[in-house]
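In: mind folding the following:
(one chain, ligands or ions: 1)
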Amino acid sequence: MTAGLHLSDLTLRRGATPVFDGLTLSLTEPRIGLVGDNGAGKSSLLRLLCGLERPQAGRVTVDGQALAGAPLPPGRIGLMFQNPDEQIIFPTVEEELALGPQAAGASRRDAQAAAREALGRRGLADWAPRAIASLSHGQRQFVCWLALDLAAPRVRLLDEPYASLDLPGQAWLREEIRRAPAQVLVSTHLLDPVRDFARVLWLERGRVRADGPGAEVCAAYEADVAQRVAGRSVRPGA
Ligand SMILES: Nc1ncnc2c1ncn2[C@@H]1O[C@H](COP(=O)(O)OP(=O)(O)OP(=O)(O)O)[C@@H](O)[C@H]1O
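Out: The predicted structure follows:
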């Protein structure tokens, strides 16, 4: 088995818009960051890696198994969506968190107990019966992370998980990611959470502009943005 995520010669188009054209990557490091401007292709890459998006050409394998065709065994790979409302399907926190353990074979009762235990361990016991609709956007992002943690896939893909989190929430999630017994890929516009990652990819219009240690790649991206700002050549989603 070839452990990790491998993309070979991948082409993705959306209508007339080319997103990736012949992208080849091997992603095996335990922590990988994805940075880049709006529209660079970060979400598309994560969606391809978990099979939510099908390429027009090329191949994606997860731990040696091709994504096309049969679904992956449960527990292999999971996505924390950029928008929590696209991820959450149940009306209460406890029900949502119980989904992962139930899918892995736990009884409803044991799954709900696991959900309460996970919340209690984090000082959030009172969240169990709460209606999702009563939570803020950032609080829903916590729920999405906890749901992924309880589902415990070997690979976790996080799409802008810091987007709505306050400073304590960002610190909390960084620590959760640090301790997670899984390979974690994080797409983010906040660079600090990935600066110390062994590997960060800077995507630019569907291509890898830089690939290397987080500190170096983040500094290069910041320098490029500073140069564009100084040259008045910034525009949204460049
Ligand atoms: N639903 C869609 N329909 C058509 N084109 C899309 C759709 N979603 C994204 N795209 C296009 O695909 C390309 C890659 O978008 P993607 O969402 O992957 O970028 P991103 O790097 O995640 O951006 P952001 O930082 O804004 O989340 C862009 O050109 C974008 O306009």
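In: following the helix or strand bottoming out on mean pLDDT in the chain, which helix or strand shows up next?
Out: Of all helical and strand segments in the chain, the minimum by mean pLDDT, DSSP states H and E falls on strand 65-66, at a mean of 86. Using DSSP states H and E, the helix or strand that follows strand 65-66 towards the C-terminus is strand 77-80.
In: close to the ligand: what parts of the protein are there?
Out: Counting by C-beta under 6 Å from any ligand atom, the residues of the chain lying close to the ligand are Arg14, Thr17, Val19, Gly36, Asn38, Gly39, Ala40, Gly41, Lys42, Ser43, Ser44. For the C-beta atoms, the positions are set from N, CA and C on the backbone; glycine is no exception.
In: mind running it again at 8 Å?
Out: Counting by C-beta under 8 Å from any ligand atom, the positions of the chain adjacent to the ligand are 14-15, 17, 19, 34, 36-47, 82, 159-160, 187, 189, 203, 205-206, 237.
In: just the residues you listed: which are in helices?
Out: Lys42, Ser43, Ser44, Leu45, Leu46, Arg47 (DSSP state H).
In: the fifth one - how many residues pack around it?
Out: If I follow you right, that is Leu46. Look at Leu46: counted by other C-beta atoms under 10 Å, it has 23 neighbours.
In: out of the ones in helices among the residues of the chain next to the ligand, who has the most neighbours?
Out: Leu45 leads those on contacts (other C-beta under 10 Å) with 30 neighbours.
In: skipping adjacent residues, who's closest to Arg116 in space?
Out: The shortest distance from Arg116 to any residue other than its chain neighbours is 5.1 Å, reached at Ala128 (C-beta to C-beta, 6 or more residues apart in numbering).
In: may I ask you to confirm that that neighbour is in contact with Arg122?
Out: No. The pair Ala128 and Arg122 does not pass the contact test of C-beta atoms under 8 Å, sitting 11.6 Å apart.
In: please report how far the one residue sitting closest to the centre of the chain lies from Trp127.
Out: In the chain, the centroid-proximal residue (C-alpha atoms, centre = their mean) is Leu158; its distance is 1.4 Å. In this view, Leu158 and Trp127 are 20 Å apart by C-beta to C-beta, to the nearest Å.
In: do the same with Val93
Out: On the measure of C-beta to C-beta, Val93 and Trp127 end up 5 Å apart.
In: what about those two, which has more around it?
Out: Val93 (28 against 22).
In: Phe142 is in contact with the more buried one, correct?
Out: No. Counting by C-beta under 8 Å, Val93 does not reach Phe142; the two are 9.3 Å apart.
In: contacts for the lengthiest helix in the chain, please.
Out: Taking DSSP H as the criterion, the chain has its longest helix at helix 214-230. Residues outside helix 214-230 that contact it (C-beta atoms under 8 Å, 6 or more residues apart in numbering) are 33, 35-36, 191, 194-202, 209-211, 234, 238.
In: can I get it as CSV, trimmed to CA atoms?
Out: Listed next in CSV are the C-alpha coordinates belonging to helix 214-230 (Å, rounded to 0.1, in the frame of the first residue of the first chain):
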residue,chain,number,x,y,z
GLY,A,214,5.8,26.5,6.2
ALA,A,215,8.1,29.4,7.4
GLU,A,216,9.6,29.7,3.9
VAL,A,217,6.5,29.4,1.9
CYS,A,218,4.4,31.7,4.1
ALA,A,219,7.2,34.4,3.9
ALA,A,220,7.4,34.1,0.1
TYR,A,221,3.6,34.4,-0.2
GLU,A,222,3.6,37.5,2.2
ALA,A,223,6.4,39.1,0.2
ASP,A,224,4.6,38.6,-3.0
VAL,A,225,1.4,40.1,-1.7
ALA,A,226,3.3,43.0,-0.2
GLN,A,227,4.9,43.6,-3.7
ARG,A,228,1.5,43.5,-5.4
VAL,A,229,0.1,45.9,-2.9
ALA,A,230,3.0,48.3,-3.4
